[in-house]
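**Student:** please find the sequence and the predicted model below.
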Amino acid sequence: MVPPETLAHLSCWDSYRKLLLDRGRPPRRIAQLDELATAVVRQLSDPQADRAVHRRGIVLGYPQAGITSDAIGIIAKAIDIGYRLIIVLSGPLEMLRRQLQVRLDEDLPAMPGIGAIIRLTDEEWDYGRLAGRLDGLQFERAVPEAPFNEGRNLARAPTRVVVMKKNLFVMRRLVSDLRTVRTPLEEVPALVIDTGTDEDSVGTSVAFAGHNALGTALGNLMEILPRAQYIGLTTRPLSSTVPNQDGTAAPFRADFVTSIPRPDGYFGLREVHQPAPRSNDLG
């Protein structure tokens, strides 16, 4: 897992924190987000570890309670510690993917001193075959004699960000392009963060159900990236699954589960079903 000292200087997170403050986000909420993102990122495999290790986790949140902000906070800290390929999965609808892309573009800009962010998708376009632009996925070593995941290379390497909907053909395109990357993929620290688990089809759990084609495609994505970490954000823990290497469902076999604190003033099922006070006045 990520050692605590790796989280000492977090430029991308600091910029995101400042942006939230400028927007008037309550400091208490930002502090909770900081604590949550740190807790999640510390559970991931150290990007500079000699051995590539998959770790898979679930983050439990509340509906309509800023879970996208939580995802961006986690992404910011993951970039700061050296993850250089960020794959963000939305629900299966293009509208959901576009909304997520816009939020990431606005809240996670490349800031001076942090390093470049190369965006392989945009508001109008989901991930498509890069064809002649495959250099967008090439992870070049600034220090050729060292592996890409060595600190001197990670510090100088831009971060590739892909925002894609959970769609069989889109995921196959990315896997196909990754097979052409010159840098050994076992050296590329990658984070797959799934914000679309709640949109998975009931009874099929689109993410990783059985041996369905989409589950297999996501399993292939994890397999081709030996240093990839998976985080699923959900408000429905009973439907949460994480990917096996073969794409089969793996309910509750996560390496870690983290809960988002209940937001102050949140109105949810607890309030809806709370019984009304009973009067002792029998008259």
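**Tutor:** Cool, the structure landed.
**Student:** what helix or strand is residue 124 on?
**Tutor:** Using DSSP states H and E, residue 124 falls within no helix or strand.
**Student:** which element, helix or strand, includes the closest residue in space to it that isn't next to it in sequence?
**Tutor:** In this structure, residue 124 finds its nearest non-sequential neighbour in residue 98, 7.9 Å apart by C-beta to C-beta, 6 or more residues apart in numbering. No exception for glycine: its C-beta is placed from N, CA and C like everyone else's. According to DSSP H and E, residue 98 maps onto helix 94-107.
**Student:** ok, and what's touching that helix?
**Tutor:** The contact list for helix 94-107 (C-beta atoms under 8 Å, 6 or more residues apart in numbering) reads 16, 19, 68-69, 72, 75, 88, 90-91, 119, 121-124, 126, 161, 163-165, 195-196, 199.
**Student:** try it again with 6 Å
**Tutor:** Residues from elsewhere that reach helix 94-107 (C-beta atoms under 6 Å, 6 or more residues apart in numbering): 68, 72, 90, 123, 126, 163, 165.
**Student:** out of those, which sit inside helices?
**Tutor:** Among those, the members falling in helices (DSSP state H) are 68, 72.
**Student:** need the buried ones from the contacts of helix 94-107 selected in PyMOL.
**Tutor:** In PyMOL, this line selects whichever of the contacts of helix 94-107 come out buried by 16 or more other C-beta atoms under 10 Å:
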select buried, resi 68+72+90+126+163+165
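**Student:** ok, of the contacts of helix 94-107, which one's closest to residue 32?
**Tutor:** For the contacts of helix 94-107, the residue nearest residue 32 by C-beta to C-beta is residue 72; the value is 14.2 Å.
**Student:** residue contacts, that closest one?
**Tutor:** 107, 108.
**Student:** again with residue 76
**Tutor:** 12, 13, 16 are the contacts of residue 76 under C-beta under 6 Å, 6+ apart.
**Student:** not counting its neighbours along the chain, what's nearest the second one?
**Tutor:** Nearest non-adjacent residue to residue 13, counting by C-beta to C-beta, 6+ apart: residue 76, 4.5 Å away.
**Student:** surely the one you found is in a strand?
**Tutor:** No. Read with DSSP: H, G, I helix; E, B strand; the rest coil, residue 76 is helix and lies in no strand.
**Student:** read off the pLDDT value for it.
**Tutor:** Looking at residue 76, its pLDDT stands at 95.
**Student:** now do it against residue 176, distance only.
**Tutor:** 29 Å (C-beta to C-beta, to the nearest Å).
**Student:** in stretch 49-60, which residues are buried?
**Tutor:** 52, 54, 55, 56, 57, 58, 59, 60.
**Student:** hmm, the third one is touching residue 254, no?
**Tutor:** Just to be clear, that refers to residue 55. No. Counting by C-beta atoms under 6 Å, residue 55 does not reach residue 254; the two are 8.8 Å apart.
**Student:** please enumerate the helices of this protein.
**Tutor:** 11-22, 27-42, 67-81, 94-107, 151-154, 168-178, 213-224, 269-272.
**Student:** state the mean pLDDT of the fourth one.
**Tutor:** In this model, helix 94-107 carries a mean pLDDT of 94.
**Student:** tell me what angle that helix forms with helix 168-178.
**Tutor:** 50 degrees (axes from the mean of the first three to the mean of the last three C-alpha atoms, to 10 degrees).
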